[in-house]
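K.L.:
Need a 3D model of the following:
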Amino acid sequence: MKIIKKVLLFLLVAFVIAQFFRPEKNDGDVASIDAFYKETNPTNAVKLILKDACLDCHSGVTKYPWYNAITPVNYWLKNHIDHGKKHFNVSNWEGNSIKRKDHKFEELIEMVEDKTMPLNSYTWTHKEAKLTDSQIKAIVDWAKRVRLSYDLKQKPE
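P.N.:
Next comes the predicted model:
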């Protein structure tokens, strides 16, 4: 029994010490999303869907939940955000070619229609991010319009 108490005490001390070490936050400027909005021209309804279901992990601006204050959870969240931004980051949208942007929207359509985005691990704690069929349709219709505009920009005149 004495060994169990020592192990538990050690784990408690390690947990407390770990709270002093935190990853860098993804709290950039909201204006970094403006170029994406300007180019893709989402409706207000689509903007709301993006805000609730996408931008925390796919932009330079994240609204952190209360449990982000707990290490090691904050490292897990940072990993999710970094991974999301690596695949689709609206905050650096201007730096991408039309071909890459078109491809990103092709992937967006596929993942939203397949309901693989937003991730289940995100919607468990963000109920507003669970997309309804009508929200999926709104996102897909908007994304298809954006892809059409990219297709027109790529065709030689």
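K.L.:
Quick check: the gap between the most centrally placed residue in the chain and residue 64.
P.N.:
By Cα atoms, centre = their mean, the chain has its centre lying nearest to residue 57, at 1.9 Å. Distance of residue 57 to residue 64, computed by Cβ to Cβ, to the nearest Å: 12 Å. In this view, the C-beta of every residue, glycine as well, is placed from N, C-alpha and C.
K.L.:
What residue, apart from its backbone neighbours, is nearest the residue nearest to the centre of the chain spatially?
P.N.:
residue 84 (3.2 Å; Cβ to Cβ, 6 or more residues apart in numbering).
K.L.:
Any figure for the gap between the residue nearest to the centre of the chain and residue 16?
P.N.:
Distance from residue 57 to residue 16, by Cβ to Cβ: 29 Å.
K.L.:
now what about whatever helix or strand residue 51 lives in, what contacts it?
P.N.:
Using DSSP states H and E, residue 51 maps to helix 44-53. Identification of contacts with helix 44-53 by Cβ atoms under 8 Å, 6 or more residues apart in numbering yields 37, 42, 90, 117-118, 122-123, 126, 128-131, 135, 138-139, 142.
K.L.:
can we see that at 6 Å?
P.N.:
118, 128, 129, 135, 138, 139, 142 (Cβ atoms under 6 Å, 6 or more residues apart in numbering).
K.L.:
try stretch 138-156
P.N.:
With Cβ under 6 Å, 6+ apart, stretch 138-156 has contacts from 40, 42, 45, 46, 49, 98, 101, 102, 105, 108, 109, 112.
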